[in-house]
Structures are given as C-alpha cells and as structure tokens.
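>>> Sequence and predicted structure, then a few things I'm wondering about:
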Amino acid sequence: MLFYSLDLIGTMVFAISGVLVAMSKKLDLFGIFIIAFVTAVGGGTLRDVLIGRTPVGWMFDLNYIYIITAGFLIGAIFKRKLDYLRKSLFLFDTIGLGVFTLIGIEKGVEAGLHPIICIALGTTSASFGGVIRDILCNEIPVIFRDEIYATACIAGGCTYFLINMTTIPENANYVITALVVIVIRLLAVYFKLKLPAAYK
Amino acid sequence: MLFYSLDLIGTMVFAISGVLVAMSKKLDLFGIFIIAFVTAVGGGTLRDVLIGRTPVGWMFDLNYIYIITAGFLIGAIFKRKLDYLRKSLFLFDTIGLGVFTLIGIEKGVEAGLHPIICIALGTTSASFGGVIRDILCNEIPVIFRDEIYATACIAGGCTYFLINMTTIPENANYVITALVVIVIRLLAVYFKLKLPAAYK
Amino acid sequence: MLFYSLDLIGTMVFAISGVLVAMSKKLDLFGIFIIAFVTAVGGGTLRDVLIGRTPVGWMFDLNYIYIITAGFLIGAIFKRKLDYLRKSLFLFDTIGLGVFTLIGIEKGVEAGLHPIICIALGTTSASFGGVIRDILCNEIPVIFRDEIYATACIAGGCTYFLINMTTIPENANYVITALVVIVIRLLAVYFKLKLPAAYK
C-alpha cells in the first residue's frame, strides 16, 4: 500500500517534470500533456513491451491517468510557484527513481529473467520516461550526460540481488534497495552542489 | 467495406504527407519510403504493440504495403503537382484521421479496455504516425504545437462512448464519430484560415 | 555455430560503431554504453516487439550483454587506435549487416509471415539499431541519406526467397544471401570511394 502510494507520487512528480520541460519548449496544452504522460509512464511502458506484459500496466489502472492529469494541472497552473518547490519536487523525483527501479526489477524477476536483465529493466523503468521525453522535445537525453541518475538505479539493482542471497526478508530488501538508489542520487547531487537540469 | 476503403485511402494520404515532409528534409529514396511507411502505419503499430496484438496488423494484409508504395510513388513523382491538390489531400488526411481514430477505439473495446484508454488508443492510432515521422526527421512533433489535431480525435472518442450508451445502432455511431472528428478538424483549420503545415 | 559467432561479432562491431558516434556527441559513460547497446540490439529488439517474440531475444542470452560490454570497452579505450582499424571495423560491420538481415528473415519465416514482410523484418533487424542510435543522438538517421545500406539488405532478402524456390539447400542459401548483402555493400562503398560516416 505504501509502495503503491509512493509509485503514484513518483508518477505525478515525473509528470510534473515533463510539464516543466514541455513548457520550456513552448508546446501547446496537448503536447504538454503527452510529454507529461510519457515522462511518467514511458519507462514502465517500454519495460512491459520488451518483456511482453501487454496490454501495458497503466491500461488497467486509471489511477495512473488521474494522477498524471493532476500532475499536468499542477505543473501547468503553478509553473511559477514550482520554482519555490523545486527542492521538494527533486526529493519526490528521487523517491520515484527508487520505487520505479524496484518495480522494474520485480517485473523482471516475475518473468524469470537473469539478475543482470532485471537490473537493466529496473534502470529502464526508472530512466527511460525521461529519455522519451527528451527525444520528443528534440534534445539529446539528459541522463546520457548526467551519469549518476542511471548509475544510482544500477547500484540499487546490484544491492537487491546481493541482499537476495542473504536471509534478510524481502520487505526489508525493498526498503534498502530503494534507499540505496535515493541516497546515491541525493549524495551525487549534493556533492556537485547543483540540482539536476529539470529542477533548476 | 466502405470502412476498409476509407482506411486504405487514409493510409495512402498519410504516406503522401510523409513523402512531402521527408523530401523537404532532402532524404534519399529509401529514407523517404521509410518515412512514408511509418507516417502511414506508425500510429496503428504503436497501438498494436501497446495492447499486445502482435504480429502487428499490417503484417497480415499486404494491401497496406501496396497502398503505401502507391502513396510513395505518387508523392515522389508528382511532388510539384501536389501543390495544386493540397486541399484535396488535406480533406483525405482528415478523413483518415476520423477513420483511424475509430479503428483505434474499436481495437481497445475488443481488448476489453476502459473507455478512457480506448479514446487514448484512438488518438494514438490517428496521430502517432505523424509523431514518429517528425522524430525521425529530427523535428519536435507538429501535433504538439497544432492543438486541434489530437483534440478532434479525443472529441470523437468521447462522442463514441456517449452514443454507445444510447440505443443508436453501432453503424450509425461509427459514422457520427468519424464525422465529429472530421468536422472539428475542418472547422479548426477553416477558422484559422490556414492549412496545416504538411500541406502548405 | 559459425552463424552464431558471426552474429556475436556483428553485435560487437555494431556496439563499437555506437561508441564512436556517442563519443563524438560528448555523452558520459552511461550514455555511451546505452548508445552502444541500442545500436547493437535495437534492430533485433524492434523486430521481436513487432512480431510479438517477447521477452525479446537478448534477454535470454547473456552473451549479447558480454559482447556489447566488450565492444563498449574496446571502443572507449582504443578510440584513437580504432582510426587505424576503421577498414577492418567496416568489414565486420558489413558482415554483421549480412548476418542480421538473414536472422531477421528467418524470424519472419518462423512466424509464418509473407516474404515481403520477412524482407522488411530482415532490413529492420540490420538497420534500425543505427536508426535508434541516431535518434538518441539527435541526428536524422544516416541510413536515410546513405541509400545503399538498406538497399543491400532488401536485395539480400529478395535473393533469399528466389533461391528458396529452387532445390538449393538451405545452408547454401544462408551463405549466398549473406554474401549478396555484403558484396553489394562493399561494392557501393568501393565505387563511391569513401567509407560510411561512422568509420571516417
């Protein structure tokens, strides 16, 4: 339940980051909504398509549509105000990163795939929404230039499978894995002393 | 049968619009053909992949290949002459928009998906061929800047499900839905007093 | 076995070509690895998704991951040295083109698809890794401007199905088809007296 709530919060914040990028490109409202949508669900959609879990996940749970619409409205209406919130947004974005990585790994495990592939799926889930967003906005994807983003997902994935070999219970593993992703990301940004591009 | 004919005509005109964009980018013949192809079937292909209807539709009906090849040849040979036909082309493009929206909605209904998702699939079918075309040509997709295109599809989709709740027979619903898409698109272009970019 | 070895060599050389393009775009190490990866497996992945062979092929054979990682390391470490090897690289790239075309055709035949569709799948397998690479690097795909690349695949595909109608054994057909692709590509480059962009 907590997990699902964090997933929805991450989805909304990813949608908001899509709105901010799309507005800077002077897209119209439909374009902004689509960018918000693909930023939020693009990574998970690509993962589902690659492993053959179709129809893809968000087609069966309208809460994703509602939460993305909420993120779209918040982003579009409060754009200027969001400047004051960028640190909170970045925090939630990072939580989303951790949760999405975990969900991607889980889907890979369910499909019986090798740990290396599961880690790749976790990283895909967490980071390819942003890649598709940047392609649609005609930019070279920012995560290809901002190394720590995907690296945090990969480190989290390795942690997950290392812990999996111990007697630590699965729920604890979920929390630790997500925290590894989140802490690495936060430390990386902290020591570079700058926010990532989308929240500047 | 009429429906299938309109689908093929829409496919051909979408292919021609792809040829026109690709030629303006100075691509070679193979590049122009690929752009024509993805413009024509890209939206339906993405829809089929997302709902897991694979192998995707055009792989089972060579008429799509033939009609796209015809559109490619017409576009490549008569490029200059097409300037005189741009109003006719735009009309057929708009008919394609209506028919593709309807087909996308139907596939969603067949897959047992929620009306909101079906409307999204209809819009995807009708408009993402153009999105992929623009990405391959290294442009920000024109429909993200030309609001009425996708909005017409969404309005048509809403009409479909509203009528579906009445006793109006399904065939009549098909015609009305497609007409709603077409009329909104025509009115939008008429009142802006300009043709959309691809037929300028 | 020879076939599988050639497939892996082609995969590695495609990965190296991805590294070279990504480094010229000043991406970070993660970005370079992703570009290497999609260049190597992007075409086959798109083919598998379109015909519904999911989870896609490379998820079941870690050798692809290892060989791409090797290509990534070779490309990243020996970038300057590769200048002396560009003719060898181009030769292996061309062998990969032939092998990938053949694999794509085979997958289409296995799925019971029409020869025209199989040829399209062979061409997709061989050339769309490079298309995705160029899109991620924000370029118009080079194969849309360098006609002979995909044309060689198509010619090879036609050869395959023509020979298939004779009594020539299948193994011989594999060799002839791959050779047709390779020879056309080599002749095209030779008579233009220049290497393709990625190996200049």
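In hand now; what should we look at? Residues are numbered from 1 along each chain as shown, chains lettered A, B, ... in the order given.
>>> From now on I want contacts and neighbour counts done on CA atoms only, so please keep to that.
Fine.
>>> burial count for A:Phe144?
24 (other Cα atoms under 10 Å in any protein chain shown).
>>> What separation is there between it and C:Ile16?
17 Å (Cα to Cα, to the nearest Å).
>>> so who does A:Thr11 touch?
Residues near A:Thr11 by Cα atoms under 8 Å, 6 or more residues apart in numbering or on different chains: A:Ala40, A:Val41, A:Tyr64, A:Ile67, A:Ile68, A:Gly96.
>>> can we see that at 10 Å?
Contact analysis of A:Thr11 by Cα atoms under 10 Å, 6 or more residues apart in numbering or on different chains lists A:5, A:17, A:36-37, A:39-41, A:64-65, A:67-68, A:71, A:92-93, A:96-97, A:99-100.
>>> what about A:Trp173, distance to A:Leu179?
Let me fix one detail, which is that residue A:173 is Asn and not Trp. Counting by Cα to Cα, the gap from A:Asn173 to A:Leu179 is 10 Å.
>>> More neighbours: which of these two?
Legend: neighbour count by other Cα under 10 Å for A:Asn173 and A:Leu179, higher for A:Asn173 (20 against 17).
>>> What are the buried residues along whichever strand or helix holds the more buried one?
In the assignment (DSSP states H and E), A:Asn173 maps to helix A:170-192. Of the residues in helix A:170-192, A:173-174, A:176-186, A:188 count as buried by neighbour count, 16 or more other Cα atoms under 10 Å in any protein chain shown.
>>> do it and chain C meet at all?
No: residues of helix A:170-192 are not located near chain C by Cα under 10 Å from any Cα of the partner chain, the shortest gap being 14.8 Å.
>>> packing partners for that helix?
Judged by 3 or more Cα pairs under 10 Å, 6 or more residues apart in numbering or on different chains; DSSP states H and E, helix A:170-192 is in contact with helix A:79-110, helix A:148-164.
>>> Run through who's touching that helix.
A:3, A:90-103, A:106, A:147-164, A:166-167, A:193-196.
>>> Go back to these and keep what's next to chain C.
Among these, proximity to chain C is found for A:Glu147, A:Ile148, A:Tyr149, A:Ala150, A:Thr151 (Cα under 10 Å from any Cα).
>>> Tell me the predicted confidence for the first one.
Right, the one you point to is A:Glu147. The per-residue pLDDT reported for A:Glu147 equals 64.
>>> Leaving out sequence neighbours, find the closest residue to A:Ser127.
Excluding its sequence neighbours, the residue lying closest to A:Ser127 (Cα to Cα, 6 or more residues apart in numbering or on different chains) is A:Gly43, at 6.2 Å.
>>> before we move on, what about A:Phe3?
Computed as Cα to Cα, 6+ apart, the closest residue to A:Phe3 that is not its neighbour in sequence is A:Val99, at 7.5 Å.
>>> Just the C-alpha atoms of stretch A:152-167, please, in CSV.
The C-alpha coordinates for stretch A:152-167 follow below in CSV (Å, rounded to 0.1, in the frame of the first residue of the first chain):
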residue,chain,number,x,y,z
ALA,A,152,22.1,5.0,-8.9
CYS,A,153,19.5,2.6,-10.4
ILE,A,154,22.2,0.1,-11.3
ALA,A,155,23.7,0.3,-7.9
GLY,A,156,20.3,-0.3,-6.3
GLY,A,157,19.7,-3.2,-8.6
CYS,A,158,23.0,-4.8,-7.6
THR,A,159,22.2,-4.3,-3.9
TYR,A,160,18.8,-6.0,-4.4
PHE,A,161,20.4,-9.2,-5.7
LEU,A,162,23.2,-9.2,-3.2
ILE,A,163,20.7,-9.0,-0.3
ASN,A,164,18.5,-11.5,-2.0
MET,A,165,21.3,-14.1,-1.4
THR,A,166,21.1,-13.5,2.4
THR,A,167,18.3,-14.3,4.9
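>>> Which positions in that stretch come out as buried?
A:Ala152, A:Cys153, A:Ile154, A:Ala155, A:Gly156, A:Gly157, A:Cys158, A:Thr159, A:Tyr160, A:Phe161, A:Ile163.
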